[in-house]
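Peer 1: Pasted the sequence and its predicted model underneath.
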Amino acid sequence: MVLRHTVVAAMAALGLVATSFAAPAEAASWPSPCTVPVLGPVCAPDTAVLDGKQLLRTKLAALVGERTSRTALNNLLVAAKTDLTAGPWSVTSKKQVPPSGDKHDYLSLAPYWWPTTQPTAENPWGCPFVQRDGQRNPIVDEITDHAYRGDAFAAIYRLALAWYYTGDARYARRAALDLRTWFLDAATKMNPNMNYAQGIPCKVDGRGIGIIEFSYTLSQVVDATAILATGAPGWTKTDQAGMTGWYTQFLGWLRTSKNGTDEAKAQNNHGSFYDMLVASLALGTGQRDLAAAVARDAGPQRIAPQIQAGGLQPQETSRTRSWPYSAFNLVALTRLAQIGQHVGVDLWHYTAPSGATLFSAVDFLIPGATQGKSAWPYPELDFRPYAALDVLHAAADAGDRAARTALPRVPAEPGGDLYPVRPAAEQLDDISTS
């Protein structure tokens, strides 16, 4: 009862928004005015994708026992508790050395490319390599950077959210350790480039297509550091400045390198994710005009050429894994629409000359999401209806009545529906490699 009265008083004082509370830029260190006894952080974080005000409302709802928020938070904490003892991870842990000779450079191989001959001493890779769409070559997992990236970035995101919702300092301190290890510490940090991502043996050292390995997960890290910046114990102004510097350098590389400019030209999910990543980094580094321009241009440059009037995404349905790829592209576009909302761009209601909209693309997935593979007449190796759950949630939040009506009939993903506590689409089936 005391806690409920405390929360209610806080809600009244904050007007359910809390935008008047912010750590002053000149503050020497945290904790800040954003943290109070019992409640922990009470500011709406200045996130790039997530709606910070919605996070605050969910936090208060969970504290007073609202069922949906509480259930989702409990599911999040199950995963976050394992993150307390996992890692930390580093690109310098891999056995292989990138072509640069520097283990601080990220390294990965193209997952769907396979050797055509038996490896020999003279031809250790079995070159030349050929592509087999949707079939993952197990040799790519011998290089640990890709897997470690996935583990590290997901843990950082969950830990930051767990601290925000609970105020438990253990989560914040572990997130800080993971961030410093991957991005900041001299001995273990990653250089801010992806020059050697998704290389193909005997063909090319790295490709722009490899940038997608970071595209949505790094945007989660941007949000995680914004959450920690509301006053997390163990996270300092120096740490935050270091991350902002890393983001700035990586954004510069994305916009000027050959790999980055190649990826920007992609006309399928790669182009969508490139835009989303650039916009999230721009907003996370205070470049609001750039974020707005990217979001604004995504209407004619991404939605119009990629989505048909009825919602079909032909570039994605042509894949051997058409279902998760169709959802995957919408992960990028719905997250970009959320970034747009922060900078005054309404991508949700953009209508292409054909009549295509984000809403129509999301609604196109409803039959498959609610009825299963029998309602999806496109190639699919492994149909999982819940791959569309998050994009349906995002569309429903943006006003899509059909999506909102469908949600109760979509199966929850393993580990439960976490959207209420991290309200932005995640890619739940890790196809973010091609």
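Peer 2: Received it, and whenever you're ready, just let me know what you need.
Peer 1: chain center to stretch 295-314, what's the gap?
Peer 2: Distance of stretch 295-314 from the chain centroid (CA atoms, centre = their mean, to the nearest Å) equals 20 Å.
Peer 1: CA-only coordinates of it in CSV, if you can.
Peer 2: C-alpha atoms of stretch 295-314 as CSV (Å, rounded to 0.1, in the frame of the first residue of the first chain):
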residue,chain,number,x,y,z
ALA,A,295,12.9,9.2,-42.1
ARG,A,296,11.3,11.6,-44.6
ASP,A,297,13.1,10.2,-47.6
ALA,A,298,12.2,6.6,-46.6
GLY,A,299,8.7,7.1,-47.8
PRO,A,300,9.5,7.5,-51.5
GLN,A,301,12.8,5.6,-51.4
ARG,A,302,11.9,2.6,-49.3
ILE,A,303,8.1,2.2,-48.9
ALA,A,304,7.1,3.1,-52.4
PRO,A,305,9.5,0.8,-54.3
GLN,A,306,9.3,-2.1,-51.8
ILE,A,307,5.6,-2.4,-50.9
GLN,A,308,2.7,-3.0,-53.3
ALA,A,309,-0.7,-1.4,-52.8
GLY,A,310,-2.1,-4.6,-51.2
GLY,A,311,0.9,-4.9,-48.8
LEU,A,312,2.9,-7.5,-50.6
GLN,A,313,6.7,-7.0,-50.4
PRO,A,314,7.9,-8.8,-53.5
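Peer 1: any idea of the mean pLDDT for it?
Peer 2: The predicted model assigns stretch 295-314 a mean pLDDT of 98.
Peer 1: Now do the buried residues in that stretch.
Peer 2: By neighbour count with 16 or more other CB atoms under 10 Å, stretch 295-314 contains the buried residues 295-296, 298-299, 301-303, 306-308, 311-313. No exception for glycine: its C-beta is placed from N, CA and C like everyone else's.
Peer 1: same question, stretch 136-154
Peer 2: Per 16+ other CB under 10 Å, stretch 136-154 contains these buried residues: 139-140, 143-146, 148-154.
Peer 1: With secondary structure, pLDDT and distance to residue 354 as new columns, can those be given to me in JSON lines?
Peer 2: Conversion of those to JSON lines gives the following (DSSP: H, G, I helix; E, B strand; the rest coil; pLDDT from 0 to 100; distance: CB to CB, whole Å):
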{"residue": "139", "secondary structure": "helix", "pLDDT": "85", "distance to residue 354": "42"}
{"residue": "140", "secondary structure": "helix", "pLDDT": "87", "distance to residue 354": "38"}
{"residue": "143", "secondary structure": "coil", "pLDDT": "93", "distance to residue 354": "42"}
{"residue": "144", "secondary structure": "coil", "pLDDT": "96", "distance to residue 354": "44"}
{"residue": "145", "secondary structure": "helix", "pLDDT": "96", "distance to residue 354": "40"}
{"residue": "146", "secondary structure": "helix", "pLDDT": "94", "distance to residue 354": "36"}
{"residue": "148", "secondary structure": "helix", "pLDDT": "97", "distance to residue 354": "42"}
{"residue": "149", "secondary structure": "helix", "pLDDT": "96", "distance to residue 354": "37"}
{"residue": "150", "secondary structure": "helix", "pLDDT": "95", "distance to residue 354": "36"}
{"residue": "151", "secondary structure": "helix", "pLDDT": "96", "distance to residue 354": "41"}
{"residue": "152", "secondary structure": "helix", "pLDDT": "98", "distance to residue 354": "41"}
{"residue": "153", "secondary structure": "helix", "pLDDT": "97", "distance to residue 354": "36"}
{"residue": "154", "secondary structure": "helix", "pLDDT": "97", "distance to residue 354": "36"}
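Peer 1: which one of those is nearest residue 363?
Peer 2: The nearest member of these to residue 363, counting by CB to CB, is residue 154 at 28.7 Å.
Peer 1: Pretty sure that closest one sits against residue 221.
Peer 2: No: here residue 154 lies out of contact with residue 221, judged by CB atoms under 8 Å, at a distance of 9.6 Å.
Peer 1: Now do the strands in this structure.
Peer 2: Here the chain has its strands, by DSSP state E, at 35-36, 40-41, 107-109, 113-115, 129-131, 196-199.
Peer 1: Out of those, which gets nearest to residue 236?
Peer 2: With CB to CB, the closest approach to residue 236 among the strands of the chain belongs to strand 35-36: 14.4 Å.
Peer 1: follow-up on the earlier one: any idea which of the strands of the chain gets closest to residue 168?
Peer 2: That would be strand 40-41 among the strands of the chain, by CB to CB, at 7.9 Å.
Peer 1: helices or strands next to the closest one in the packing?
Peer 2: When contacts are defined as 3 or more CB pairs under 8 Å, 6 or more residues apart in numbering; DSSP states H and E, strand 40-41 packs onto helix 145-166.
Peer 1: And the helix it packs on, what does it pack against?
Peer 2: Using 3+ CB pairs under 8 Å, 6+ apart, the elements in contact with helix 145-166 are strand 40-41, helix 52-63, helix 67-83, strand 107-109, helix 169-179, helix 212-228.
Peer 1: pLDDT averaged over the first one - what is it?
Peer 2: Taken as a whole, strand 40-41 has an average pLDDT of 80.
Peer 1: Any stretches of this structure with poor pLDDT?
Peer 2: Within the chain, the segments meeting pLDDT under 70 span 1-32, 38, 429-434.
Peer 1: again, only using 80
Peer 2: Counting by pLDDT under 80, the chain has low-confidence residues at 1-40, 133-134, 428-434.
Peer 1: who's in contact with residue 390?
Peer 2: By CB atoms under 8 Å, 6 or more residues apart in numbering, the residues touching residue 390 are 331, 334, 419, 424, 425, 426, 428.
Peer 1: at 6 Å what do you get?
Peer 2: 419, 425, 426 (CB atoms under 6 Å, 6 or more residues apart in numbering).
Peer 1: how much space between the nearest residue to the second one once chain neighbours are set aside and residue 334?
Peer 2: Ranked by CB to CB, 6 or more residues apart in numbering and with sequence neighbours excluded, the top spatial neighbour of residue 425 is residue 390, at 3.7 Å. For residue 390, the distance to residue 334 (CB to CB, to the nearest Å) stands at 8 Å.
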